[in-house]
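[1] build me a model:
(one chain, ligands or ions: 1)
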Amino acid sequence: MRLRALLLALLAAAAGCAQTGAPPAPSGTAGTASAGPSANPNLALSASGDFAPDATQAIAYDRKLAPEGARASLLVESEMEAGRTRSSLVVEGFLPGRTYGAHLHTQPCGAKPDDSGPHYQNKPGKATAKNEIWLDFTTDGTGSANASARNPWLLASDRMPRSLVIHADRTKVKKPARGEAGPRVACLTLG
Ligand SMILES: [Cu+2]
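    Next up is the predicted model:
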């Protein structure tokens, strides 16, 4: 649970410095997606897990790049009033000093790396960091990292992202390979 506490602290800090006047958004929503306009104005998704080869929720496909002990914790929150989505990822136990690609995908993780489907997109089309949620990270000397993203749109409550996929390489930002990040090394199912 240390990861989750760290993640919440990071989010609180990010909200604190980004907002002027407005209090930080509540980020206590846990577990699966929840949309309660009166109870909680925000739409949030969170997940965390230890990656293992034969798991179902947090799966390691490549034990070299996602070794035993690799874990991740993710929080994605759409702020209804602000009309934007903030995402934060914390990882531990990956290879030190390496950049991995990471994105939200449309389908849950499965036994095969491709089961998680394509990238989640706001509008069908461009594979860009603005239209998708990219959370590439570079690990420190201990294999830990954190990453965050801000997107100026809301998650669609009837079409939510279902997984976080961690790839072997940094996400390419230029065509023609824009959005590609090499093989899928690990996958975390959301909700
Ligand atoms: Cu991806």
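
[2] going forward, measure contacts between C-alpha atoms and count neighbours the same way
    OK.

[3] now the strands for the chain?
    Under the criterion DSSP state E, the chain contains strands at 34-36, 40-50, 58-60, 71-79, 84-92, 99-105, 137-138, 145-151, 163-167, 184-189.

[4] on contacts alone, who are the packing partners of the longest one?
    This means strand 40-50. Here strand 40-50 touches strand 34-36, strand 58-60, strand 71-79, strand 184-189, going by 3 or more Cα pairs under 8 Å, 6 or more residues apart in numbering; DSSP states H and E.

[5] and it, what's buried?
    40, 41, 42, 43, 44, 45, 46, 47, 48, 49, 50 (16 or more other Cα atoms under 10 Å).

[6] could you identify the most distant pair in those residues?
    41 and 50 (30.2 Å; Cα to Cα).

[7] ok, what's across the strand from residue 77?
    Bridge pairing for residue 77 (DSSP bridges) gives the partners residue 44, residue 86.

[8] that one reaches residue 85, doesn't it?
    Yes: assessed by Cα atoms under 8 Å, residue 77 is found in contact with residue 85 at 5.4 Å.

[9] and these two? Which one has more around it.
    Shown here are residue 77 and residue 85; by other Cα atoms under 10 Å, residue 77 has more neighbours (24 against 21).

[10] any idea how far the more buried one is from residue 160?
    Here residue 77 is placed at a distance of 11 Å from residue 160 (Cα to Cα, to the nearest Å).

[11] then residue 135?
    For residue 135 relative to residue 160 (Cα to Cα), the value is 17 Å.

[12] more crowded one of the two?
    Between residue 135 and residue 160, residue 135 has the larger neighbour count (other Cα under 10 Å), namely 26 against 20.

[13] hmm, back to that, of all the helices and strands packed on strand 40-50, which one comes closest to residue 123?
    Using Cα to Cα, the helices and strands packed on strand 40-50 put strand 71-79 closest to residue 123, at 15.9 Å.

[14] okay, now the unreliable bits of this protein?
    Within the chain, the segments meeting pLDDT under 70 span 1-40.
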